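1. Fold the following for me, if possible:
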Amino acid sequence: MAKVERVDLTVQDKAIHCSGCESRIETVLKKLPGVVKVKADHKTQRVAITLDTDRTSASEMKRRLELAGYRTGLVGSALR
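-> Numbering: from 1, shown residues only. Here you go, the predicted structure:
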């Protein structure tokens, strides 16, 4: 059975400027295996990700966002 978990990442340097940035982040992350849902918010500079941790990890989400040009930090729990 899938282990679904929510991960919240905060984007540093106010890098999410607009709804276009939100869409870019959501598109990039939704393509990854195990990602169930992604919601980026330019007002709070946060990205909420629901993912199957048997297929991918919070640290992979962080890595992919950083490859896309968004420095991030995890909100809440430790990276795996």
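2. Which helix or strand in the chain has the lowest average pLDDT?
-> strand 72-75 (a mean of 76; mean pLDDT, DSSP states H and E).
3. Given that one, what are its sheet partners and their directions?
-> Strand 72-75 pairs in its sheet with strand 4-11 (antiparallel), by DSSP bridges.
4. Just the terminal-to-terminal distance for stretch 43-54.
-> 31 Å (CA to CA, to the nearest Å).
5. could you pull out the strands for this protein?
-> With DSSP state E as the definition, the chain shows strands at residue ranges 4-11, 35-41, 46-52, 72-75.
6. Include mean neighbour count and distance to residue 19 when you put those into a markdown table, please.
-> All C-beta spots, glycine's among them, are computed from the backbone N, C-alpha and C. As requested, the strands of the chain are exported to a markdown table (neighbours: other CB atoms under 10 Å; distance: least, CB to CB, whole Å):
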| stretch | mean neighbour count | distance to residue 19 |
| --- | --- | --- |
| strand 4-11 | 18 | 14 |
| strand 35-41 | 17 | 9 |
| strand 46-52 | 19 | 14 |
| strand 72-75 | 14 | 19 |
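7. Distance to residue 17 added to those strands, as CSV?
-> Formatted as CSV, those follow (distance: least, CB to CB, whole Å):
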stretch, distance to residue 17
strand 4-11, 10
strand 35-41, 11
strand 46-52, 14
strand 72-75, 15
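8. so which of those strands gets nearest residue 24?
-> Ranking the strands of the chain by their distance to residue 24 (criterion: CB to CB) puts strand 35-41 first, at 8.3 Å.
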